[in-house]
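Asker: Can you look at this prediction? I've put the sequence above it.
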Amino acid sequence: MMTEARTPLRLRHEIKSCVSPAEDRALSQRLARLFGRDPHAGPSGIYRVSSLYFDTPGDRALREKLDGTDRREKFRLRYYGEDTGFVRLEKKIKASGLCGKRSARLTAGQVQQLLAGDTGFLLESGDSLLIELYSKMQGQRLAPRRIVTYDREAFLWAPGNLRITLDRNLRAGMDLSRFLDPALPHIPMAPGQTVLEVKYDEFLPELARLAVQLPRGRAEAFSKYAACRRYD
């Protein structure tokens, strides 16, 4: 198994806002003129993101998000497009309004083992993040809970290590055993709504602030995972 090298956790700023279809179109056109696209997106500039979130029997991750707990964490599996040969386990950390992420790579076979309840390989991996997941699956009964899928258009700019994304067509998958199946049926969760996310390091460049036109009052604490648990 391959794992990603451990580096000091870098915390970044993250601003979210829900925008209308008209705002989405205007933002997409404006951002395309100002910034480069994510090179992994392909010719269309848009790619699918598929994630499988973990939670406890008491929905600790969901409750902490809804309650606005200052320090919280979420575990998820993620792959892009239909390439299930590259799957990451990610631990997303939120602390004092800043976000950080640790990740480790899994094979499709290991993901299937995990979904089947075979977790021994996590402990034997030697990777600290996989061992942490194993520990919390045993101690907190953390388990896969919901598939979250959406279509992303991403823009990058070197100043501030800026990343701006427009996430559309948010939908939930219920059959966890088919997480790696691109043909998995989904339920639309936010028709006509786009989630704008702006991520940056120490500072938000003025050009980016003007480009997204995000006055302070528009920032929202939106969670795609919480949205896809809305009807539980």
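Answerer: In hand now; what should we look at?
Asker: Which element, helix or strand, includes the residue positioned nearest the centre of the chain?
Answerer: Geometric centre of the chain, nearest residue: Ser51, 6.8 Å, by Cα atoms, centre = their mean. Here Ser51, judged by DSSP states H and E, is contained in strand 46-55.
Asker: So which elements touch the lengthiest helix in the chain?
Answerer: For the chain, the longest helix by residue count, based on DSSP state H, is helix 21-34. Applying 3 or more Cβ pairs under 8 Å, 6 or more residues apart in numbering; DSSP states H and E, we find helix 21-34 packed against strand 143-157, strand 162-173, strand 194-200, helix 206-212. Placement of C-beta: from N, CA and C, glycine included.
Asker: Can you give me the buried ones in the first one?
Answerer: So that's strand 143-157. 143-155, 157 (16 or more other Cβ atoms under 10 Å).
Asker: which neighbours does it have in its sheet, and in what orientation?
Answerer: strand 36-37 (antiparallel), strand 46-55 (antiparallel), strand 162-173 (antiparallel) (DSSP bridges).
Asker: got the ones you listed as TSV, with distance to Arg76 columns?
Answerer: Below are these laid out as TSV (distance: least, Cβ to Cβ, whole Å):
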stretch	distance to Arg76
strand 36-37	24
strand 46-55	5
strand 162-173	13
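Asker: Need those in CSV (columns: mean pLDDT).
Answerer: Below are the strands paired with strand 143-157 laid out as CSV (pLDDT from 0 to 100):
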stretch, mean pLDDT
strand 36-37, 94
strand 46-55, 97
strand 162-173, 97
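Asker: Which one of those lies nearest to Tyr79?
Answerer: strand 46-55 (5.6 Å; Cβ to Cβ).
Asker: Low-confidence regions, this structure specifically.
Answerer: 1-7, 214-219 (pLDDT under 70).
Asker: at 80 what do you get?
Answerer: The chain contains residues with pLDDT under 80 at 1-8, 42, 214-221.
Asker: From Asp55, how far out is Leu31?
Answerer: Distance, Leu31 to Asp55, using Cβ to Cβ, to the nearest Å: 33 Å.
Asker: next one: Asp151
Answerer: With Cβ to Cβ as the criterion, Asp151 and Asp55 are 24 Å apart.
Asker: go on, Gly109?
Answerer: 24 Å.
Asker: between the two, which one's more packed in?
Answerer: A side-by-side neighbour count of Gly109 and Asp55, using other Cβ atoms under 10 Å, places Asp55 first with 21 against 10.
Asker: pretty sure that one contacts Leu142?
Answerer: Yes. At 6.9 Å, Asp55 and Leu142 qualify as touching, with contact defined as Cβ atoms under 8 Å.
Asker: Looking at the helices and strands packed on helix 21-34, spot the one closest to Glu220.
Answerer: Across the helices and strands packed on helix 21-34, closest to Glu220 is strand 194-200 (Cβ to Cβ), at 8.9 Å.
Asker: list the helices and strands the closest one packs on?
Answerer: Applying 3+ Cβ pairs under 8 Å, 6+ apart, one finds that strand 194-200 contacts strand 12-19, helix 21-34, strand 162-173, helix 206-212.
Asker: Let me have those in TSV, extended by mean neighbour count and distance to Gly68.
Answerer: Below are these laid out as TSV (neighbours: other Cβ atoms under 10 Å; distance: least, Cβ to Cβ, whole Å):
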stretch	mean neighbour count	distance to Gly68
strand 12-19	17	14
helix 21-34	14	25
strand 162-173	20	21
helix 206-212	16	23
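Asker: Just put these in a markdown table and tack on distance to Gly85.
Answerer: Formatted as a markdown table, these follow (distance: least, Cβ to Cβ, whole Å):
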| stretch | distance to Gly85 |
| --- | --- |
| strand 12-19 | 28 |
| helix 21-34 | 29 |
| strand 162-173 | 19 |
| helix 206-212 | 34 |
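Asker: That concludes my questions; thank you for your assistance.
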